[in-house]
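Student: I would like to see how this sequence folds:
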Amino acid sequence: MNQILARQFASEWIQAWNQHDLAKICTFYAEDCELSSPFIPEVIKRPITEIKGLSNIRRYWEKAFAAMPNISFELVSVMAGVDSIVITFYGVYKALSGNVFYFDKDNKYCTVVVHILI
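Tutor: Just a heads-up that it's a prediction; the model follows:
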């Protein structure tokens, strides 16, 4: 993943989140993607931290938007790896967050791991 493509992905991803455009957000992800996040238990009220499959993740995001209608992200940095990027941003509760996005062969996110500053 080169720096230009990584920045483009990050910018478009942040913009989609800030517009609460769930359809656009979903275009970044593979159908069989996986999401790991410390926010999952808070949103779905169950003690799990990983969700598999885009349809399940979409339902999670619908609940997250309902629970946090003013959510917005502020981009801090983008780091490119071989088949991954790390996006750091101020997000939920204005906490510094870092998401690691692993890409599949079609440049769709297949695994996303969410981190927050504690």
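
Student: Let me see the ranges of the strands in this structure.
Tutor: 29-36, 50-52, 74-80, 84-90, 96-103, 109-116 (DSSP state E).

Student: For the closest residue in space to residue 38 that isn't next to it in sequence, report the pLDDT, please.
Tutor: Excluding the flanking residues, the one nearest residue 38 by CB to CB, 6 or more residues apart in numbering is residue 116, at 6.0 Å. Bear in mind the C-beta positions are built from the backbone N, C-alpha and C, glycine included. Residue 116 carries a pLDDT score of 94 in this model.

Student: mind checking how far residue 116 is from residue 90?
Tutor: 10 Å (CB to CB, to the nearest Å).

Student: Spit out the residues that contact the two alike.
Tutor: 96-97 (CB atoms under 8 Å, 6 or more residues apart in numbering).

Student: follow-up on the earlier one: with residue 2 as the reference, name the closest of the strands of the chain.
Tutor: Among the strands of the chain, the nearest to residue 2 by CB to CB is strand 74-80 (6.4 Å).

Student: one step back: mind checking which of the strands of the chain is nearest residue 7?
Tutor: Smallest distance to residue 7 across those (CB to CB): 5.2 Å, for strand 74-80.

Student: Please name the strands paired to that closest one in the sheet, noting orientation.
Tutor: Partner strands and pairing direction for strand 74-80 (DSSP bridges) are strand 84-90 (antiparallel).

Student: Just the angle for the strand it pairs with relative to strand 109-116, thanks.
Tutor: Strand 84-90 runs at 40 degrees relative to strand 109-116, counting by axes from the mean of the first three to the mean of the last three CA atoms, to 10 degrees.

Student: Just give me the neighbour total for residue 102.
Tutor: Applying other CB atoms under 10 Å, we find 17 residues neighbouring residue 102.

Student: Now do residue 67, the pLDDT please.
Tutor: Confidence score, pLDDT, at residue 67: 90.
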